[in-house]
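1. Provided below are the primary sequence and the corresponding predicted coordinates.
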2 protein chains.
Amino acid sequence: MIFRQLFDHESSTYTYLLAERSGGEALLIDPVHERVDQYLKLIEEMDLKLVLAVDTHIHADHVTGLGRLRSASRCATAMGEQSEADCVSLRLKEGDTLNADGLKLQALYTPGHTDDSYSFRMDDRVFTGDTLLIRGTGRTDFQNGDPGDQYDSLFGKLLTLPDDTLVYPAHDYDGRTSSSIGEERRHNPRLQVASRQAYIDQMNALELDPPKKMDLAVPANRRCGLEQAA
Amino acid sequence: MIFRQLFDHESSTYTYLLAERSGGEALLIDPVHERVDQYLKLIEEMDLKLVLAVDTHIHADHVTGLGRLRSASRCATAMGEQSEADCVSLRLKEGDTLNADGLKLQALYTPGHTDDSYSFRMDDRVFTGDTLLIRGTGRTDFQNGDPGDQYDSLFGKLLTLPDDTLVYPAHDYDGRTSSSIGEERRHNPRLQVASRQAYIDQMNALELDPPKKMDLAVPANRRCGLEQAA
């Protein structure tokens, strides 16, 4: 398998390039608008054909690369069926499978950070978007976020995966590139709660500033990052 | 196998944590002085015992964490036998093997960036220090660097590894976390040279500013990062 993790320093976003084999089909998870040229160059150098670009949810902290990638490569684009983006070619729901050659990713509906948040599971790893971060979880105070839903997504889905499942989130702000489900269950401070209500109370007590790019990014991302004002 | 790649934003350094199994022995490659607490916390959370910290060479762009790690965990510390650091407990030479439980790393002497530069090979991957970077190579204009030696290290050693060997460098400045030997042979612009002399000429034509921390880091690193002036 080919796997490349790419980091956008501006928004601290991880983008993932996946393919079964050199010369074959590839997919990208959570591409960043300003980095599309880097992705396309890498895909060309690795002799891959981009067939799908997918966002785990409508991001508020960066503009998505979905639109630019579709224009440049004619790849399919995907987001959850709950998403307000009407520009994608595939609308995902729980249990759907994303395919690129022999590579298969299972879509898990994991709302809470937003109501259109999905995670993607593959063999030994899971791409958790902003639902489960390394030693953190995504905020739940905007874009139809809901801490109770997030508790259910975390404790009812992600944390039921095997302990050694690798965790690849959409962001990290402290130089960490991966974790595991077991590590997060035991050491993620947000997950050390006695009840669903305790999790809800914890999340509601956070007083966070809005993401810097939110006013730009959310409307732009409903159009897959195209025709952005800036 | 347990593998964690950690990034220091200040110096764009990658540090690698490796262990065969949870509960077992671990080693760190290229730890950064200011991040030692993060490493120790992670090692404790993962129920690992740090037995060895190794630097690929005397770094000029950050202060090493070797000394602090040795003080905190009593781990062994290692660098190449050519290194001017007299504080390490193991002095490596070509062909030596680093062990942590069942995990084995083979030392490859790969001078050029400095005269004490080593790479470490393990199964499907190689840790290349500043000898081979992603789409680049380490500068050769100080610390007994030598572009001819670097050419020999690259073309005579690292590029003879199988194409699908993963490349994990000591730094990246553009969000890339790994590459492969085949990718670098084909697409690394520094490696597209017709001869050893062409590589030497190319490196000698670079006009680079000294690393910001060089005057602090090199003397400090000769003491394993302890008793630094700052």
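-> Yep, that arrived.
2. Doesn't A:A107 belong to a strand?
-> Yes. Assessed with DSSP: H, G, I helix; E, B strand; the rest coil, A:A107 lies in a strand.
3. what's around the residue lying closest to it once chain neighbours are set aside, how many residues?
-> Spatially, and ignoring its direct neighbours in sequence, A:A107 is nearest to A:D96 (4.4 Å; C-beta to C-beta, 6 or more residues apart in numbering or on different chains). For the C-beta atoms, the positions are set from N, CA and C on the backbone; glycine is no exception. Other residues near A:D96 come to 18 when the count uses other C-beta atoms under 10 Å in any protein chain shown.
4. I figured A:D96 was touching A:L105, is that so?
-> No. The criterion here is C-beta atoms under 8 Å, and A:D96 misses it with A:L105 at 9.1 Å.
5. do stretch A:158-174 and chain B meet at all?
-> Yes. Using C-beta under 8 Å from any C-beta of the partner chain, stretch A:158-174 comes into contact with chain B via A:D174.
6. now swap in stretch A:28-42 and tell me
-> Yes. Contact of stretch A:28-42 with chain B (C-beta under 8 Å from any C-beta) involves A:35, A:38.
7. Now that stretch: buried residues?
-> Neighbour-count burial for stretch A:28-42 flags A:28-33, A:35-36, A:38-40, A:42 (criterion: 16 or more other C-beta atoms under 10 Å in any protein chain shown).
8. now stretch A:118-127
-> Using 16+ other C-beta under 10 Å as the burial criterion, the residues of stretch A:118-127 that qualify are A:118-122, A:125-127.
9. looking only at pLDDT, what's the mean for it?
-> When pLDDT is averaged over stretch A:118-127, the result is 97.
10. Start and end of that stretch, how far apart?
-> Terminal residues of stretch A:118-127 are spaced 9 Å apart (C-alpha to C-alpha, to the nearest Å).
11. related to what we said a few turns ago, and the buried residues of stretch A:28-42 as JSON lines, adding distance to A:T56 and secondary structure?
-> Formatted as JSON lines, the buried residues of stretch A:28-42 follow (distance: C-beta to C-beta, whole Å; DSSP: H, G, I helix; E, B strand; the rest coil):
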{"residue": "A:L28", "distance to A:T56": "12", "secondary structure": "strand"}
{"residue": "A:I29", "distance to A:T56": "7", "secondary structure": "strand"}
{"residue": "A:D30", "distance to A:T56": "6", "secondary structure": "coil"}
{"residue": "A:P31", "distance to A:T56": "11", "secondary structure": "coil"}
{"residue": "A:V32", "distance to A:T56": "13", "secondary structure": "strand"}
{"residue": "A:H33", "distance to A:T56": "16", "secondary structure": "helix"}
{"residue": "A:R35", "distance to A:T56": "16", "secondary structure": "helix"}
{"residue": "A:V36", "distance to A:T56": "17", "secondary structure": "helix"}
{"residue": "A:Q38", "distance to A:T56": "20", "secondary structure": "helix"}
{"residue": "A:Y39", "distance to A:T56": "16", "secondary structure": "helix"}
{"residue": "A:L40", "distance to A:T56": "21", "secondary structure": "helix"}
{"residue": "A:L42", "distance to A:T56": "20", "secondary structure": "helix"}
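12. Output those as TSV; include the columns pLDDT.
-> Below are the buried residues of stretch A:28-42 laid out as TSV (pLDDT from 0 to 100):
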residue	pLDDT
A:L28	98
A:I29	98
A:D30	98
A:P31	98
A:V32	98
A:H33	97
A:R35	98
A:V36	98
A:Q38	98
A:Y39	98
A:L40	98
A:L42	98
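13. quick one: the strands in chain A?
-> All strands of chain A, identified by DSSP state E, fall at A:2-8, A:13-19, A:25-29, A:49-54, A:76-80, A:90-92, A:97-100, A:103-109, A:118-122, A:125-129, A:132-133, A:136-137, A:166-169, A:179-180.
14. ranking those by burial, who's on top?
-> Ranked by mean neighbour count under mean count of other C-beta atoms under 10 Å in any protein chain shown, these are led by strand A:132-133, which reaches a mean of 28.
15. Identify the residue nearest A:T137 in space, chain neighbours excluded?
-> A:R190 (4.6 Å).
16. nope, A:P189 is what I meant
-> Nearest to A:P189 is A:R135, by C-beta to C-beta, 6+ apart, at 6.5 Å.
17. A:M46 too?
-> Nearest one to A:M46, counting by C-beta to C-beta, 6+ apart, is A:S22 at 6.2 Å.
18. isn't that neighbour right up against A:E45?
-> No. With contacts defined as C-beta under 8 Å, A:S22 does not count as touching A:E45, sitting 10.3 Å away.
19. any residues in contact with both of the two?
-> Shared contacts of A:S22 and A:E45 (C-beta atoms under 8 Å, 6 or more residues apart in numbering or on different chains): none.
20. any chance of the strands of chain A in JSON lines, with distance to B:A78 too?
-> JSON lines is the format used below for those (distance: least, C-beta to C-beta, whole Å):
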{"stretch": "strand A:2-8", "distance to B:A78": "28"}
{"stretch": "strand A:13-19", "distance to B:A78": "31"}
{"stretch": "strand A:25-29", "distance to B:A78": "37"}
{"stretch": "strand A:49-54", "distance to B:A78": "42"}
{"stretch": "strand A:76-80", "distance to B:A78": "47"}
{"stretch": "strand A:90-92", "distance to B:A78": "48"}
{"stretch": "strand A:97-100", "distance to B:A78": "41"}
{"stretch": "strand A:103-109", "distance to B:A78": "38"}
{"stretch": "strand A:118-122", "distance to B:A78": "36"}
{"stretch": "strand A:125-129", "distance to B:A78": "31"}
{"stretch": "strand A:132-133", "distance to B:A78": "34"}
{"stretch": "strand A:136-137", "distance to B:A78": "34"}
{"stretch": "strand A:166-169", "distance to B:A78": "28"}
{"stretch": "strand A:179-180", "distance to B:A78": "27"}
